[in-house]
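Undergrad: Generate coordinates for the sequence data below:
(one chain, ligands or ions: 1)
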Amino acid sequence: MSQQQAEKEARKQSAPILQVKNLKKYYPITSPFGKTKDFVKAVEQVTFDLTEKETIGLVGESGCGKSTTGRTILRLTEPTEGAAIYKGRDLFTLKPKEMKKVRKEIQMVFQDPHSSLNPKKRIGEIIEESMKIHRIGNKAERIEKAMYLLRRTGIREDQYYKFPHEFSGGQRQRIGIARALAVNPSVFILDEPVSALDVSIQSQVINLLEELQDEFKLAYLFISHDLSVVRHISDQIGVMYLGHLVEKASTDELFENPLHPYTKALLSSIPIPDTRVRRERIILKGDVPSPINPPSGCVFHTRCPFVIEKCKKEKPIYKESTNGHLVACHLY
Ligand SMILES: Nc1ncnc2c1ncn2[C@@H]1O[C@H](COP(=O)(O)OP(=O)(O)OP(=O)(O)O)[C@@H](O)[C@H]1O
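TA: Presented below is the predicted three-dimensional model:
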């Protein structure tokens, strides 16, 4: 067993740092008179654990509830039901003041750091300020740490006094990561952190995130629609469809032995560089149904090539195949 594999195995035994349990988020749709008419059922019964130095990737098409899952954990939008246990405490029951402290430890990194970096402030000041808000160190210590973090994330120290618009997209993402690191977090929720970047820059930022994870003992919830990116960085992958986590497994297991027809369809759309390997492309018919009125039974049944009568009536429960590989599908 390689050292990396041994570390992974050891991690599986350790207690999770974050446990998301039966997370549900319904967005109310209100009439012009403020009456709730209906709900967008964005996230339904999503459950997963995250341990120190581990990455769990959430994948699925646009609108399947990935961002809502990430945002709800931090209560950037309030959950409808469920729990998010962080270091033993349910975040959903915390008072605003306590939640503020947790937001220091669980940092969110967005797709477009430009919109979250104050254009009127120099990048060094932006990083220093995030430490000041959380009362970390004195001014000299904060500046020294900001300098270190910029250097560590690949930005030259002499660029400390530059403004965000003077940097490229990739550099801005590095600055956003440096700022998130400044407040000593344990968890990063990364929402499409490399989707806006060129492919060559994407891999540089992913490699940086991997190095930082080791150095700072970070756990990552990595949200992306891009399975190749998620495959590269994740230890575990959760596949979402219409608000539901339909399959969850270790990365190798998911790619070698996908079980859910939706996962199979997603994987079949990734080009394989080896032309000798043939994988049948599964093209899904129709559009993703409305999350306001999702299909009965299995939410995927309207597009599933293997649908049976039971799928239309009964919601599938998780079945475990091997080693924590979970799938919600009547075919197993
Ligand atoms: N503030 C909101 N009010 C109402 N509906 C919302 C709100 N935010 C998201 N939704 C809806 O919730 C569902 C899930 O959206 P979400 O953004 O979480 O999906 P996603 O998988 O992250 O997709 P994307 O990658 O496009 O952001 C979608 O149908 C979306 O339209």
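Undergrad: residues in the stretch 201-332 of the chain within reach of the ligand, list them.
TA: 225, 291 (CB under 6 Å from any ligand atom). Quick note: C-beta positions are derived from backbone N, CA and C, even for glycine.
Undergrad: Going along the chain, name the helices of the stretch 201-332 of the chain.
TA: 227-233, 251-256, 261-268, 309-313 (DSSP state H, counting those that start in this stretch).
Undergrad: Of the ones you listed, flag the one that's most buried.
TA: Among those, ranked by average contacts under mean count of other CB atoms under 10 Å, first place goes to helix 261-268 (a mean of 21).
Undergrad: and that helix, what other elements does it pack with?
TA: With contacts taken as 3 or more CB pairs under 8 Å, 6 or more residues apart in numbering; DSSP states H and E, helix 261-268 sits against strand 236-241, strand 244-250.
Undergrad: one step back: can you redo the helices of the stretch 201-332 of the chain as a markdown table with mean pLDDT?
TA: Listed next are the helices of the stretch 201-332 of the chain as a markdown table, based on pLDDT from 0 to 100:
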| stretch | mean pLDDT |
| --- | --- |
| helix 227-233 | 93 |
| helix 251-256 | 94 |
| helix 261-268 | 94 |
| helix 309-313 | 96 |
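Undergrad: export these to JSON lines and tack on distance to Gln111?
TA: Converted to JSON lines, those look like this (distance: least, CB to CB, whole Å):
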{"stretch": "helix 227-233", "distance to Gln111": "12"}
{"stretch": "helix 251-256", "distance to Gln111": "22"}
{"stretch": "helix 261-268", "distance to Gln111": "20"}
{"stretch": "helix 309-313", "distance to Gln111": "34"}
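Undergrad: rewinding a little: could you redo the helices and strands packed on helix 261-268 as JSON lines and give each row mean pLDDT?
TA: Formatted as JSON lines, the helices and strands packed on helix 261-268 follow (pLDDT from 0 to 100):
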{"stretch": "strand 236-241", "mean pLDDT": "98"}
{"stretch": "strand 244-250", "mean pLDDT": "97"}
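Undergrad: mind putting those strands in a markdown table, distance to Leu197 included?
TA: Shown next, in a markdown table, are those (distance: least, CB to CB, whole Å):
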| stretch | distance to Leu197 |
| --- | --- |
| strand 236-241 | 21 |
| strand 244-250 | 27 |
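Undergrad: Save those strands as CSV, and put in mean neighbour count too.
TA: Below are the helices and strands packed on helix 261-268 laid out as CSV (neighbours: other CB atoms under 10 Å):
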stretch, mean neighbour count
strand 236-241, 25
strand 244-250, 25
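Undergrad: By proximity to the ligand, which residue of the stretch 101-250 of the chain wins?
TA: Of the residues in the stretch 101-250 of the chain, the one nearest the ligand is His225, at a distance of 5.7 Å by CB to the nearest ligand atom.
Undergrad: Contacts only, for that residue.
TA: 59-62, 66, 192, 195 (CB atoms under 8 Å, 6 or more residues apart in numbering).
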